[in-house]
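>>> got a sequence here, can you build the structure:
(3 chains)
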Amino acid sequence: MADIKTHLRELSVIAGILYTISEKNINELYQMHPKDFFKYLSSKISNDISNASNITYLPDFNNYKSIMCNGINLGKKIVDLGIVDDYTKIYWLGSDSQKNDPVDLKVGNTGFSLKEESYILENMGLYKYLNTMTNSKFERGLHIFENFAEAEYAKWFEYTWNSMLGWLKTNNNIWSLTKNDKTSEIKIVNSEVQFIINGTVISKLPNRNISVKEYIEHTDSKSREKVFSKWINSKFKKDKKYIDLKNICSQKAGSELCNYISRNYNPVGLARFLQIYENGYYYAKTTEKDIEIYYVPSISEFEKDIEIDKIEYSIPKSQLNIITTVKNKITGNSLEFRNECRFSHGQFNGTPEAKMYYGRNTDLSDIYEKKY
DNA sequence: GTCCGAGGGTAATTGCAGTT
DNA sequence: AACTGCAATTACCCTCGGAC
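Residues are numbered from 1 along each chain as shown, chains lettered A, B, ... in the order given. I've put the predicted structure just below:
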């Protein structure tokens, strides 16, 4: 992610490695001007890191010391564990978000996937999850609600749309929200609903009950994300019936999805699902509390004593989660993974994703080799 | 604990105008 | 009607953390 904090943490890992192997005083790093820190790392890293240059806009590192500290400590730990055999080439790959593996950092031939507080393992599309578990050939764009709960999705949308029209009628036919100097507005002008960004009408819709299909036709991803979704977020997301209809939609989609999986079950992609790729790499997590480092085996090293126990769906409140339980046949331990089927850029905007997380009680040492 | 939005990068697809 | 080259838009992916 192109967030300053993530950049700083990932670069700090590299700085921690470099300072540890050259036995320099790590405290110097915190005192450096961000521009000098960036310049130093640019000279030591073998590929272009200009995507991380936003850290140079910081006046100093005073408010970011704990982030740097987490990264530096991880770098030091990586050196201390002696898992790297060649420090001459270092690559930062954190900005390359669509490559085929999760490696953010490569030191010599050793890859690292770096994490912070997040429990996310992969941000996958639903098509990828289904192909993994059923050997189907779904393609990008598979929409959990449109494909598995069409009628319920339509009702959820129509209630939301009509509620927005009702809300506007009792609020002088206008809604407006300004954040970071950007203004989103909705106006009703006679028979027209206008979606407006910074004073420009970017979508015009009919002032009547419309289907989700008509809604998509009359809008684009920007007006959906910045206008309608923002209205929902600011005015409507706690509406009980809205949540109920979403829950019903999730129930239907979850049940249909699990039916499909059980009819076509063939978990050809289990290793891939567990983030096991052609080459082994290290999964390294650094937080305020501790450091965790696991070796994730390559596909050829991967032991076949891992099996899928069950696939279920779960809807704690209204969001559909697919729960994949995996069992280690040797230890008898179960691991739980959850794919959150949800919109990522605003409600009713784009294709929902199937973001994959591991459970807080899931011990990764049942699938990976714990190094620290 | 759950929901889900913040933000931003790249790949893939679609749209379109002007040819063949 | 099929093609082509480019522009525009969407889809996907990466990740973290705030609100409740």
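
>>> can you give me how far stretch A:207-219 is from the chain middle?
Centre-to-centre, stretch A:207-219 and its host chain are 29 Å apart (Cα atoms, centre = their mean, to the nearest Å).

>>> do stretch A:240-256 as well
Taking mean C-alpha positions (Cα atoms, centre = their mean), stretch A:240-256 and its chain are 22 Å apart.

>>> what average pLDDT does the helix or strand where A:Tyr30 lies get?
Assigned by DSSP states H and E, A:Tyr30 falls within helix A:27-31. Helix A:27-31 shows a mean pLDDT of 90 in the predicted model.

>>> I'd like to know how far A:Asn207 sits from DNA strand B.
25 Å (Cβ to the nearest atom of the strand, to the nearest Å). Where you see a C-beta, it was placed from the backbone N, CA and C, and this is true even at glycine.

>>> doesn't A:Ser191 make contact with that residue?
Yes. A:Asn207 is within contact range of A:Ser191, at 5.0 Å (criterion: Cβ atoms under 8 Å).

>>> between these two, who's got more neighbours?
The residue with more neighbours, out of A:Asn207 and A:Ser191, is A:Asn207; 17 against 9, by other Cβ atoms under 10 Å.

>>> got the contact list for the more buried one?
Neighbour list for A:Asn207: A:Leu165, A:Ile188, A:Asn190, A:Ser191, A:Glu192, A:Val193 [criterion: Cβ atoms under 8 Å, 6 or more residues apart in numbering].

>>> what do you get if the cut-off is 6 Å, keeping everything else the same?
Contacts for A:Asn207 (Cβ atoms under 6 Å, 6 or more residues apart in numbering) come out as A:Ile188, A:Ser191, A:Glu192, A:Val193.

>>> the helix holding A:Tyr30: how far from the chain's middle?
Per Cα atoms, centre = their mean, the centroid offset for helix A:27-31 relative to its chain is 32 Å.

>>> and stretch A:128-142, by the same measure?
18 Å.

>>> helix, strand, or coil at A:Cys69?
helix (DSSP: H, G, I helix; E, B strand; the rest coil).

>>> follow-up on the earlier one: give me the residues contacting the helix holding A:Tyr30.
Contacts of helix A:27-31 (Cβ under 6 Å, 6+ apart): A:Ala15, A:Phe61, A:Lys65.
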